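> how would this look folded up:
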Amino acid sequence: MNHRARQNNHTVIIIKKLITNTKRELERAFSDAVTNHWQNIFEKINYKDTEKFMPTINNIFRPKAKDNIKSLEIHRDKVELLRISQCDLSKIPITNDKYIITNQTDILNITGAHYQLINSPRYLNNESRLKEIVDDCISDLKIELNNDAINNTSIVAFNNNIKASNPKIENENLHHYFTNPNELTKIIKYLPNKISSGIDKIPPVVIKKINKKMIFNLAIIINNALNINYFPTSWKTALVIPILKKNKNKTDPASYRPISLTTSLSKIYEIVINKAIIHQVTALNILPDNQYGFRHNHSTLHAINKFLADSNSALEHKNTIGAILIDLEKAFDSVWCDGLIYQLIKKKFPIHLVKTIYNMIKGKKFFTIESNKKSSVCFEINEGLQQGTVNSPILFSIFTSHMINSFELNSGNNTYSLAFADDRLIYVADNNLVRLHHKLQVLINKINNMYATWNLRLNPDKSEVIIIRRPFVHYSKTNKQRIQNFSIKTKNPDNGEIVAIPLKNQVTYLGVHIDELLRLSKHIDIQLENARKRFKALGRLFFNKYMNKRSKVICYLLLVRPLLTYGSPVIWNIGTHQMEIVRRFERSCLRAIFTLYRSSHSNYQRRVNNKILYNIAKIPRIDNHIIKLTRDYYNKMKSINNKEIEALTIIDDHQCIQSINSGYIKPQSFIFYDEKGYIQNENNIPILYHVRRHKKNKRIPTEDIIRGKFLYSKAIPMVDYLDFSRLKDRYWWLGQNNQIIIKLNQRARQNRAERQNFRPP
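Model (predicted):
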């Protein structure tokens with residue numbers, strides 16, 4: 001019996017061992033299968049396939065979080081919201097006077113109803129004379145449109161001479177109004193490579209595959225629609241995805257931002273109409289030069305450049321600047337459409353284009369969607385410009401164009417205003433703080449009233465005030481207290497309550513973090529931290545041992561480095577130690593990508609040389625890259641048709657010399673310092689970022705640069721050393737008689753001679 005028991009125990013042990021080994025083999029096989037699967041995917045990522053490279057990267061490493069709305073809580077006094085949603089309230093439970101909505105369709109209906117209420121008329125100018133004038137104007141237009149429909153009125157008669165596929169008309173306005181197959185081919189080519197679609201379920205990637213015959217027919221359809229000022233009803237209906245705003249209550253429909261998916265065909269049609277709008281805006285000179293938003297060759301940096309230049313100039317002259325960042329509540333959603341059409345007529349837009357725009361923005365509808373669910377109700381946009389459509393930005397800019405320079409702003413009286421679409425900034429410079437406060441207070445009240453006249457709502461709670469000043473040592477005790485207690489108040493347009501606009505010592509305007517002393521070093525710190533978080537979040541990509549290393553470098557250049565360099569053309573004046581921190585971060589990223597930490601030649605005792613690291617990566621060092629971005633930015637400014645931007649390229653040498661010692665250096669002074677050789681030497685070493693200087697010190701240490709008192713390693717990669725782009729004529733401030741350019745030219749000739757004499761072994 002004991003022998004049999006021992007034999008049984010031995011058998012059990014063998015079976016257990018067999019099971020354990022089998023389990024390990026299965027785990028190993030499963031692990032190998034998973035590894036091989038992903039290895040095959042990673043190895044097939046081809047950075048040379050520009051069309052598929054980033055979509056593939058995004059699908060694998062940057063999937064969009066799908067956080068469906070689990071429930072909504074709606075107070076029972078939201079009668080209108082509940083009515084529009086058409087929910088069966090008898091089936092919805094109530095807790096603490098709130099309907100707890102968990103059914104997916106009801107959630108989408110409630111969300112859609114909320115968006116419809118936002119896009120409903122909420123007039124602030126009822127019974128005003130302007131409202132009467134606009135109503136009469138729109139009434140006349142409606143009668144004219146109705147008569148056009150009854151009489152089948154068209155702009156031109158298409159025939160063999162004026163073909164519907166490609167109307168050739170001498171009239172300048174009509175020439176830019178109609179389209180043709182060649183133009184549509186270009187429009188379709190530049191549609192995004194997306195698979196998401198509108199209500200017609202035709203994604204852009206499908207539209208991009210249509211043949212020439214279909215494009216020809218599409219041109220005929222669009223031109224016939226334009227000829228009778230018609231915008232197809234089916235193209236006016238969008239799908240709206242609610243996206244949760246950061247750090248917001250998930251049970252409140254107001255916490256979700258609407259993202260509109262319009263049909264690809266409506267996008268194409270709107271782009272054609274946009275061409276006609278832009279032509280009229282340019283021909284009639286409608287947009288002021290200090291409106292930088294959504295204009296050809298204009299960018300956020302031009303607006304920031306203007307503000308920083310004015311502020312540094314004011315500080316140089318011992319003035320203080322009071323600035324208000326104006327927030328408009330639901331700016332695009334609350335545009336008074338009848339008021340917009342009135343503005344177009346008043347600004348002498350061709351009536352055929354006005355009619356087409358009217359039909360385009362009126363009668364828009366939408367469904368709300370989430371995952372594979374769609375609201376059972378089709379909602380209406382009764383007022384406002386639908387976000388996500390092609391023409392909303394330019395139409396908003398036209399609607400507000402007469403407001404930007406109102407009240408003698410930008411008239412040489414030290415009161416300024418600039419805007420990028422709906423992001424508006426007003427500021428006043430003065431050496432007397434009492435007078436400064438009075439000017440700013442009067443201005444914001446006038447602007448608030450003007451907005452209300454045109455049914456726009458200034459939001460005092462989300463607007464911000466900042467005082468740009470010199471250090472407190474330059475102010476008396478009384479003025480110091482005035483700055484600390486500075487308060488600007490204005491009326492809440494909805495309830496008439498007087499509200500104080502929050503005073504900040506740091507604000508963010510168009511993505512650039514601006515502090516009260518205008519040192520801008522905080523911007524670098526914030527962007528560096530954002531870049532660290534981005535690199536860490538994409539760790540699966542950058543630490544992936546199977547993925548092509550060149551692909552990883554490209555991903556770094558596309559996804560991480562832009563965070564470090566955003567704003568660099570206007571905040572290039574960076575402290576040396578702060579720049580070294582940025583350089584170290586970039587090197588740490590490259591070391592992770594190439595797994596190059598310590599060299600085998602030193603028995604892994606020493607780090608791989610920085611120069612070798614960059615030579616392997618084949619990218620310029622980040623400080624040299626920033627210099628290149630800055631040069632290109634100022635070079636392009638000469639060709640932009642905008643007097644405000646052109647003025648930024650006019651350099652006062654005397655002022656630049658003065659600001660060397662004061663530290664109040666205008667961004668465009670880069671042109672002067674680059675010409676003098678204080679930025680980069682003949683060997684392309686970025687000497688400005690190697691001379692000892694604290695990040696708070698904005699003075700240019702010219703004497704230390706001349707003496708060669710430098711910090712940190714100046715070793716640069718070959719891609720930087722062999723960069724001779726400064727020799728090209730495009731940098732207009734770098735003349736051929738410049739001593740550094742002469743030396744750089746000599747080195748370029750020597751390099752060419754060495755390459756010509758080189759004989760491969």
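> How far away from the center of its chain is the host helix or strand of residue 142?
Here residue 142, judged by DSSP states H and E, is contained in helix 129-150. Put simply, helix 129-150 sits 37 Å off its chain's centre (Cα atoms, centre = their mean, to the nearest Å).
> what is the rounded mean pLDDT of whatever helix or strand comes next after that helix?
Remark: after helix 129-150, the chain's next helix or strand is helix 172-175, criterion DSSP H and E. Mean pLDDT, computed over helix 172-175, is 84.
> So which bits of helix 172-175 are buried?
By neighbour count with 16 or more other Cβ atoms under 10 Å, helix 172-175 contains the buried residues 173-174. Yep, even glycine has a C-beta here, placed from its N, CA and C like the rest.
> For the stretch 351-500 of the chain, just list every one of the strands.
364-370, 373-374, 379-381, 415-420, 423-430, 464-468, 488-491, 498-501 (DSSP state E, counting those that start in this stretch).
> So what are the sheet partners of whichever helix or strand comes after the last one and their directions?
Spelled out, it's strand 498-501. Next in sequence after strand 498-501, counting helices and strands by DSSP H and E, comes strand 503-504. Sheet pairing here is set by DSSP bridges, and for strand 503-504 it gives strand 464-468 (parallel).
> Against residue 509, how distant is residue 520?
As judged by Cβ to Cβ, to the nearest Å, residue 520 and residue 509 stand 12 Å apart.
> should've said residue 557
Residue 557 is 26 Å from residue 509, by Cβ to Cβ.
> so where is the stretch 551-700 of the chain shaky, pLDDT-wise?
Counting by pLDDT under 70, the stretch 551-700 of the chain has low-confidence residues at 600, 602-605.
> show me where it has strands.
Going by DSSP E, counting those that start in this stretch, the stretch 551-700 of the chain shows no strands.
> export stretch 293-308 as CSV, just CAs?
Output of stretch 293-308 as CSV, limited to C-alpha atoms (Å, rounded to 0.1, in the frame of the first residue of the first chain):
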residue,chain,number,x,y,z
GLY,A,293,-6.8,85.4,-37.6
PHE,A,294,-7.3,82.9,-40.4
ARG,A,295,-5.7,85.1,-43.1
HIS,A,296,-3.2,83.9,-45.7
ASN,A,297,0.4,84.0,-44.3
HIS,A,298,-0.8,85.4,-41.0
SER,A,299,-0.2,83.5,-37.7
THR,A,300,-0.7,83.8,-34.0
LEU,A,301,3.0,84.8,-33.7
HIS,A,302,2.4,88.0,-35.6
ALA,A,303,-0.3,89.1,-33.1
ILE,A,304,2.0,88.2,-30.1
ASN,A,305,5.0,89.9,-31.9
LYS,A,306,3.0,93.1,-32.1
PHE,A,307,2.0,93.1,-28.5
LEU,A,308,5.5,92.3,-27.2
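> now the helices for the stretch 551-700 of the chain?
561-565, 576-594, 610-617, 622-637, 643-648, 653-662, 670-676 (DSSP state H, counting those that start in this stretch).
> tell me the most buried of the ones you listed?
helix 670-676 (a mean of 22; mean count of other Cβ atoms under 10 Å).
> quick one: residue 382 from residue 72, how far?
23 Å.
> Kindly report the same for residue 61.
Distance from residue 61 to residue 72, by Cβ to Cβ: 32 Å.
> more crowded one of those two?
Neighbour count, other Cβ atoms under 10 Å: between residue 61 and residue 72, residue 72 has more, with 23 against 18.
> ok, now which ones touch the closest residue in space to that one that isn't next to it in sequence?
For residue 72, ignoring the flanking residues on the chain, the nearest one in space by Cβ to Cβ, 6 or more residues apart in numbering is residue 101 at 4.5 Å. Contact analysis of residue 101 by Cβ atoms under 8 Å, 6 or more residues apart in numbering lists 71-74, 87, 92, 107, 110.
> ok, back up a step: and of the strands of the stretch 351-500 of the chain, who's closest to residue 606?
Nearest of the strands of the stretch 351-500 of the chain to residue 606, taken as Cβ to Cβ: strand 464-468 at 47.1 Å.
> Average pLDDT for the closest one, rounded please.
Rounded mean pLDDT across strand 464-468 is 98.
> ok, back up a step: just checking, what packs against the helix holding residue 142?
helix 337-346, helix 351-361 (3 or more Cβ pairs under 8 Å, 6 or more residues apart in numbering; DSSP states H and E).
> if we compare those, which one ends up closest to residue 232?
That would be helix 351-361 among the helices and strands packed on helix 129-150, by Cβ to Cβ, at 9.6 Å.
> tell me, how many neighbours does residue 159 end up with?
8.
> how far away is it from residue 172?
For residue 159, the distance to residue 172 - Cβ to Cβ - is 21 Å.
> And for the residue nearest to residue 100 when sequence neighbours are not counted, the neighbour number?
In space, and not counting its chain neighbours, residue 100 is closest to residue 93: 5.2 Å by Cβ to Cβ, 6+ apart. By other Cβ under 10 Å, 9 other residues sit near residue 93.
> now residue 413: how far from residue 337?
Counting by Cβ to Cβ - residue 413 and residue 337 are separated by 35 Å.
> again, but for residue 570
Taking Cβ to Cβ, one finds residue 570 at 36 Å from residue 337.
> So these two - more neighbours on which side?
residue 570 (27 against 22).
> Could you check how many residues crowd around the closest residue in space to the more buried one that isn't next to it in sequence?
Among residues not flanking residue 570 along the chain, residue 667 sits closest, at 4.1 Å (Cβ to Cβ, 6+ apart). Residues lying near residue 667 (other Cβ under 10 Å) number 25.
> correct me, but residue 667 touches residue 308?
Yes - judged on Cβ atoms under 8 Å, residue 667 makes contact with residue 308 at a distance of 5.3 Å.
> pLDDT weak spots in the chain?
For the chain (pLDDT under 70), the answer is 1-8, 30-39, 41-44, 47-52, 64-66, 195, 600, 602-605, 758-761.
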